[in-house]
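Undergrad: 3D, please:
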Amino acid sequence: MSETDSTILFKGEQLQLPLDLFIPPDAFEIWLEEFEGPLDLLLHLIRKNNFDILDIPIREITTQYMAYITHLEEERFELASEYLVMAAWLAEIKSRILLPMPESDNPDEEELDPRQELIRRLQIYAQYKEVAIALSKSPLFYRDTFPIAPGTPDIKITPEPPTVELSQLVAALQKLLARAALRERHQVASEKISITDRMAEIITHLSVEKPIAFSDLFHPHEGRYGITISFLSLLELAKQQSIIIEQNEAYAEIMISLKAA
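TA: Numbering: from 1, shown residues only. Down below sits the predicted model:
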């Protein structure tokens, strides 16, 4: 390697290459036109020459195709095998076009165009290629878009206890009435209980710190009248916001506690 050949121009400066540096002859060879197969090459030649895909000039296409095959065999022989199969097919089509067609017994029968199968394959390939180009322009995951996983703070959410609805209180009252009906054997005349007295009695059993179960505030032996009075007394105390009716979780026991002043 001469001294002149061992220098290169890089950013306006002459750089000296090592004398023992070996550069293969085809190291800087660039293929400007690469094709994915024989059909891709044929489609390129048709579009390059503005040929009608439905009326392919086999002679011109075959000539240009063979020129590319010759160059391919010289430079990339291992890639030329599949292109040679297409070259043989083009030669067959060309020969069938040049040779006279055998006479048919049926004069109405149309002669088949030897290019018909090639045209059909090229049309299908062109459709697939257009779809592939359209898909390649769409955003691809890990090429155009990337997943992100932002750190989130450790948030502990304590769900609020469910709200006790009137229908739940009525359902609990019905259970107590059913229990009272089972115990009721005979009617005993007793002093009528007033709601005011029962409200005062319930207040004496309640506390702020320790809730009491809803069913513990009723006395089944008092019968339906006593249970109804107790229930109405609880509703009145809740209306006056003197007590708190709560439920720790769904379908759990309803608890009653005294509201702090």
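Undergrad: where in the stretch 151-261 of the chain is pLDDT low?
TA: 161-162, 180-191 (pLDDT under 70).
Undergrad: can you pull out the helices in it?
TA: 166-183, 195-205, 223-239 (DSSP state H, counting those that start in this stretch).
Undergrad: show me what the last one is packed against.
TA: Translated: helix 223-239. Counting contacts by 3 or more C-beta pairs under 8 Å, 6 or more residues apart in numbering; DSSP states H and E, helix 223-239 packs against helix 166-183, helix 195-205, strand 243-246. Yep, even glycine has a C-beta here, placed from its N, CA and C like the rest.
Undergrad: quick check: angle from it to helix 195-205?
TA: If you take axes from the mean of the first three to the mean of the last three C-alpha atoms, to 10 degrees, helix 223-239 sits at 70 degrees to helix 195-205.
Undergrad: before we move on, the earlier item: tell me which of the helices of the stretch 151-261 of the chain sits most buried.
TA: helix 223-239 (a mean of 17; mean count of other C-beta atoms under 10 Å).
Undergrad: which residues are contacting that helix?
TA: Here helix 223-239 makes contact (C-beta atoms under 8 Å, 6 or more residues apart in numbering) with 169, 173, 176-177, 180-181, 184, 192-195, 198-199, 202-203, 217-220, 222, 243, 245, 256.
Undergrad: repeat that for stretch 209-218.
TA: Residues contacting stretch 209-218 (C-beta under 8 Å, 6+ apart): 169, 172, 175-176, 202, 205-206, 226-227, 230-231, 234, 244-246, 253-257.
Undergrad: same thing but at 10 Å, please
TA: Residues external to stretch 209-218 that are found in contact with it (C-beta atoms under 10 Å, 6 or more residues apart in numbering): 164, 168-169, 172-173, 175-177, 179-180, 198, 201-202, 205-206, 226-231, 233-234, 243-248, 253-258, 260.
Undergrad: what ranges do the strands span in this structure?
TA: With DSSP state E as the criterion, the chain has strands at 7-10, 13-16, 212-213, 243-246, 255-258.
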